[in-house]
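K.L.:
Fold the following.
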Amino acid sequence: MQLVINTYGSYLRKKNNCFLVKIEEDGKEKVFEVSVNKVDSILVTTSAYISTDAIKFAVENNIDIVFLDHFGDPYGRVWHSKLGSTVLIRRKQLEIYNTSKGFEMAKKWNLKKLDNQVSLLKKLKKTRNEKKEELGNYIKKIETISLKIGNLKGKVEENRQSLLGFEGIASRYYFEAINFVLPEKFRFEGRSRMPAKDEFNCLLNYGYGVLYSMVEKACIISGLDPYIGFVHTDNYNKKSLVFDLIEMFRVYVDETVLYLFSRKLVKEKYFDKIPEGLSLNKDGKVVLMEYLNKTFEKTVKYKGRNIRVKNTIPFECHEIANKLIK
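P.N.:
Residues are numbered from 1 along each chain as shown. This next block holds a predicted model:
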């Protein structure tokens with residue numbers, strides 16, 4: 001699970017084999033303990049106090065402490081100083097980047113994203129008879145884009161713009177379909193970021209920020225260099241590979257946010273108005289993180305075995321690392 005610290009002035013320290021959290025709400029102090037065995041990451045979303053023994057305890061147990069900004073984007077991380085694996089993997093990342101093998105890997109990640117989008121739309125289609133035809137049309141459009149991506153051959157540099165262009169078109173169809181099934185009062189006009197213009201994008205952006213930190217952690221553990229990307233270009237301090245790989249897992253956040261809307265669990269009070277948009281407030285973050293944790297703890301079929309959703313991320317990263325050195 002993700003242990004979330006989202007109350008101003010919270011205090012986190014170690015107690016025996018647990019993390020002890022103190023928070024103050026409505027003038028009352030609340031204290032609770034969480035076993036280290038239940039924690040995958042610690043997310044700090046507001047001003048808080050963390051003792052050095054808690055930091056050491058987290059590092060010793062391979063738990064990263066991630067600091068998220070107002071929009072859910074990670075701006076810092078406390079992590080152990082060791083490489084996740086041999087340096088050979090990082091060398092191979094650089095070597096394979098502009099080869100046909102490198103492009104086939106990158107293409108596979110994008111096709112996986114589109115497959116996930118189609119699967120989610122097919123689920124929605126089954127439960128919305130009055131919208132089956134329209135959803136079916138969107139599914140066909142995305143499947144057509146998948147075929148076009150599948151037919152691309154060559155190297156990354158030769159195909160980057162085509163790949164990104166096709167992906168952008170598919171995403172537009174996908175979010176048009178999502179918008180089509182949302183309650184009318186929460187419908188949106190396309191994707192918006194930093195800040196979100198509407199409630200749906202506000203929840204989605206924050207969820208993607210949490211997912212981003214999970215993908216980065218999986219890269220580090222598997223020995224991949226988060227800064228050496230394939231499709232996303234290299235810029236100063238840009239973790240390009242994380243942007244490449246997160247595409248395969250965005251559907252976990254999409255499905256969670258859609259569930260909140262379909263169950264009428266999204267309230268207007270969860271959002272604060274800010275210049276040019278909205279931000280998710282503390283109450284909204286609590287609800288989103290509760291259901292994101294439930295999503296990540298679900299069991300799914302993965303390559304012939306039953307594993308938790310959250311474990312599909314490091315498994316995919318390890319598989320990529322293994323392919324690089326074969």
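K.L.:
Could you pull up the contacting residues of the closest residue to residue 270 other than its chain neighbours?
P.N.:
Distances taken as Cβ to Cβ, 6 or more residues apart in numbering place residue 284 nearest to residue 270, at 3.0 Å, with adjacent residues excluded. (Glycine included, C-beta is placed from N, CA and C.) Counting by Cβ atoms under 8 Å, 6 or more residues apart in numbering, residue 284 touches 202-203, 267, 270-271.
K.L.:
Could you do residue 206 as well?
P.N.:
So residue 206 contacts 71-72, 280, 285, 288 (Cβ under 8 Å, 6+ apart).
K.L.:
Buried subset of the residues you listed as a ChimeraX selection?
P.N.:
Selecting only the buried entries of the contacts of residue 206 in ChimeraX, with 16 or more other Cβ atoms under 10 Å as the criterion:
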select :71,72,280,285,288
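K.L.:
and which of the contacts of residue 206 is nearest to residue 226?
P.N.:
residue 72 (18.1 Å; Cβ to Cβ).
K.L.:
wait, isn't the closest one in contact with residue 208?
P.N.:
Yes. The criterion here is Cβ atoms under 8 Å, and residue 72 meets it with residue 208 at 7.1 Å.
K.L.:
Next, give phi and psi for the spatially most central residue of the chain.
P.N.:
By Cα atoms, centre = their mean, the chain has its centre lying nearest to residue 211, at 2.2 Å. Per-residue torsions, residue 211: phi -60, psi -40 (degrees, to the nearest 10).
K.L.:
for it, what are its contacts?
P.N.:
Applying Cβ under 8 Å, 6+ apart, the residues contacting residue 211 are 246, 249-250, 252-253.
K.L.:
One more: residue 238?
P.N.:
Here residue 238 is in contact with 227, 229, 232 (criterion: Cβ under 8 Å, 6+ apart).
K.L.:
From residue 208, how far out is the closest residue in space to residue 226 that isn't next to it in sequence?
P.N.:
Counting by Cβ to Cβ, 6+ apart, residue 239 is the residue found nearest to residue 226 once chain neighbours are left out, at 4.1 Å. Using Cβ to Cβ, to the nearest Å, we find residue 239 at a distance of 14 Å from residue 208.
K.L.:
what kind of secondary structure is residue 163 in?
P.N.:
helix (DSSP: H, G, I helix; E, B strand; the rest coil).
K.L.:
just residue 294 next, same as before
P.N.:
helix.
K.L.:
any idea which element the closest residue to it other than its chain neighbours lies in?
P.N.:
Of all residues not flanking residue 294 in the chain, residue 256 sits nearest, at 7.9 Å (Cβ to Cβ, 6+ apart). Counting by DSSP states H and E, the element that carries residue 256 is helix 250-262.
K.L.:
in its sheet, what does the following helix or strand past that helix sit against?
P.N.:
Using DSSP H and E, the next helix or strand after helix 250-262 towards the C-terminus is strand 271-274. Its sheet considered, strand 271-274 pairs with strand 277-280 (antiparallel) by DSSP bridges.
K.L.:
Show the average pLDDT along the partner strand.
P.N.:
The pLDDT scores in strand 277-280 average 92.
K.L.:
Tell me how far it lies from the chain's centre.
P.N.:
Taking Cα atoms, centre = their mean, to the nearest Å, one finds strand 277-280 lying 19 Å from the centre of the chain it belongs to.
K.L.:
I would like the residues contacting it, please.
P.N.:
If you take Cβ under 8 Å, 6+ apart as the criterion, strand 277-280 is touched by 70-72, 192, 195-199, 202-203, 206, 270-272, 288.
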